[in-house]
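*Asks:* model this:
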Amino acid sequence: MFTLCFESLCPCFGSKREDGSEDPVLARHSNYYSSSELRSISDRIPASPLRVPASPSRFSLSSSPSRNEPLNLSLEHVVKLTHNFSPNLMIGEGYFGKVYRAELRDGRVVAIKRAKKEHFVSLRAEFSNEIALLKNIEHRSLVKLLGYIDKGNERILITEHVSNGTLREHLDGLHGLVLGFNQRLEIAIDVAHGLTYLHLYAEKPIIHRDVKSSNILLNEGFKAKVADFGFARAGPTEPEQSQIETDVRGTAGYIDPEYLRTNHLTIKSDVFSYGILLLEILSGRRPIEVRRDAGERITVRWAFAKYNRGKVKDILDPMLTEEVNEDILNKIFDVAFQCVAPTRNDRPHMKEVAERLWKIRRDYAKTLRRAEVALNS
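*Replies:* Sure thing, here's the model as predicted:
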């Protein structure tokens with residue numbers, strides 16, 4: 001199935017890249033608009049009555065150091081907190097297992113992820129791997145590990161609770177609000193920052209391997225956090241090494257076709273997945289739309305055909321009622337299609353992606369200012 005999905009996935013490419021001299025991943029540059037500035041402009045422009053309010057500012061590379069020590073919860077305590085893993089407290093379910101909401105004595109709410117018994121043996125490596133990687137990373141755009149239990153026939157992860165569901169749920173309209181264009185751009189930047197940290201600034205390079213909309217969690221302020229590190233791998237650490245050889249893991253529609261073909265994994269495999277995610281954020285479509293006509297089933301091919309014909313507005317999610325400048329759309333789709341280039345050498349690094357999205361965000365703020373002036377004149 002993977003081969004059929006990806007052999008003809010990407011006919012794309014070769015737009016000219018922009019050179020990013022600034023480094024907004026690390027520090028705010030003086031010619032960038034802040035989130036609060038952009039929000040103050042966009043809130044005065046008529047848009048969908050269901051538009052989600054923009055997020056507050058978030059420029060720093062990582063979150064403030066946690067004042068909380070790692071949780072040392074016993075299995076008995078976890079059972080009590082979850083009311084013996086009551087279905088009423090279940091908030092999600094994935095390949096690894098079921099996720100439950102629990103409130104600690106100090107009032108903190110956490111997520112408790114319990115491994116499925118039927119996959120217990122096969123998930124041993126994923127469980128140990130996720131713990132090893134999450135223990136050593138902390139970034140505001142990555143879900144934080146708070147504790148874990150590996151005892152007897154129970155394997156449990158305890159992480160921060162991200163309360164507003166998954167990105168995919170919001171794109172499907174399951175939470176009753178429509179994500180506006182500005183909000184989608186902010187989410188894309190959040191995810192780009194998180195992946196940049198994993199690739200460049202973690203103690204060792206980390207490749208997530210399963211970047212997808214259902215693994216992007218949103219909090220009440222609509223800040224995005226990358227979750228589920230069960231498939232993540234430490235990347236190449238030697239200067240002369242650019243890839244590692246490993247069995248293919250990931251989700252159909254998001255997997256790097258070069259990795260799928262060769263079993264050679266690099267940080268550029270995450271870049272490909274991110275490009276697919278960026279198209280999903282903008283179009284609202286899943287990577288593979290099995291119920292659509294043959295010409296529209298592979299979203300990246302359908303979108304690239306529209307892009308080539310200059311019909312970028314046709315790619316946008318029809319639930320978006322805002323009018324977005326076509327030049328802005330061309331720039332952001334140019335980033336997306338470079339990310340999903342068939343060969344990894346033609347893909348940008350995530351740091352460059354984050355920088356370019358910041359520039360697009362600045363340009364978008366300018367278009368909102370011009371629209372505000374026109375509205376008031």
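
*Asks:* Figure out how far the helix or strand harbouring Val335 is from the centre of its chain.
*Replies:* Per DSSP states H and E: Val335 is located in helix 326-339. Offset of helix 326-339 from its chain centre (Cα atoms, centre = their mean, to the nearest Å): 17 Å.

*Asks:* Likewise for stretch 342-356?
*Replies:* Centroid separation for stretch 342-356 versus its chain: 15 Å, with Cα atoms, centre = their mean.

*Asks:* What's the biggest helix in the chain, counting residues?
*Replies:* helix 350-376 (DSSP state H).

*Asks:* angle of that helix against helix 326-339?
*Replies:* Between helix 350-376 and helix 326-339, the angle comes out at 170 degrees (axes from the mean of the first three to the mean of the last three Cα atoms, to 10 degrees).

*Asks:* before we move on, back to that, contact partners of the helix holding Val335?
*Replies:* Residues from elsewhere that reach helix 326-339, judged by Cβ atoms under 8 Å, 6 or more residues apart in numbering: 12-13, 15, 17, 185, 271-272, 274-276, 278-279, 282, 303-304, 307, 312-313, 315-316, 346-348, 353, 356-357, 359-360, 363-364, 367. No exception for glycine: its C-beta is placed from N, CA and C like everyone else's.

*Asks:* Just the buried ones from those residues?
*Replies:* Using 16 or more other Cβ atoms under 10 Å as the burial test, these include 12, 185, 271-272, 274-276, 278-279, 282, 303-304, 307, 312, 315-316, 347-348, 353, 356-357, 359-360, 364, 367 as buried.

*Asks:* quick one on the thing from earlier: in terms of secondary structure, what does the longest helix of the chain contact?
*Replies:* Applying 3 or more Cβ pairs under 8 Å, 6 or more residues apart in numbering; DSSP states H and E, we find helix 350-376 packed against helix 35-42, helix 181-196, helix 267-283, helix 326-339.

*Asks:* between it and helix 267-283, how big is the angle?
*Replies:* Per the same axes, to 10 degrees, the angle that helix 350-376 makes with helix 267-283 is 20 degrees.

*Asks:* tell me the mean pLDDT for helix 350-376?
*Replies:* Average pLDDT, helix 350-376: 92.

*Asks:* buried set for it?
*Replies:* Going by neighbour count (16+ other Cβ under 10 Å), the buried part of helix 350-376 is 350-361, 364-365, 367-369, 371.

*Asks:* chain center to it: distance?
*Replies:* 21 Å.

*Asks:* residue ranges with poor pLDDT in the stretch 101-250 of the chain?
*Replies:* Along the stretch 101-250 of the chain, the model assigns pLDDT under 70 to residues 118-123, 237-241.

*Asks:* List the pairing partners of the strand or helix carrying Thr159 within its sheet, with orientation.
*Replies:* Using DSSP H and E, Thr159 falls within strand 154-160. Strand pairing for strand 154-160, using DSSP bridges, gives strand 109-115 (antiparallel), strand 145-151 (antiparallel).

*Asks:* Dump it to PDB, restricted to CA.
*Replies:* As requested, the backbone C-alpha atoms of strand 154-160 are provided in PDB (Å, rounded to 0.1, in the frame of the first residue of the first chain):
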ATOM      1  CA  GLU A 154       2.100  -2.300  32.900                       C
ATOM      2  CA  ARG A 155       3.900   0.400  30.800                       C
ATOM      3  CA  ILE A 156       2.600   3.900  31.400                       C
ATOM      4  CA  LEU A 157       3.700   7.300  30.300                       C
ATOM      5  CA  ILE A 158       2.700  10.400  32.200                       C
ATOM      6  CA  THR A 159       2.900  13.700  30.200                       C
ATOM      7  CA  GLU A 160       1.600  17.200  30.400                       C
END
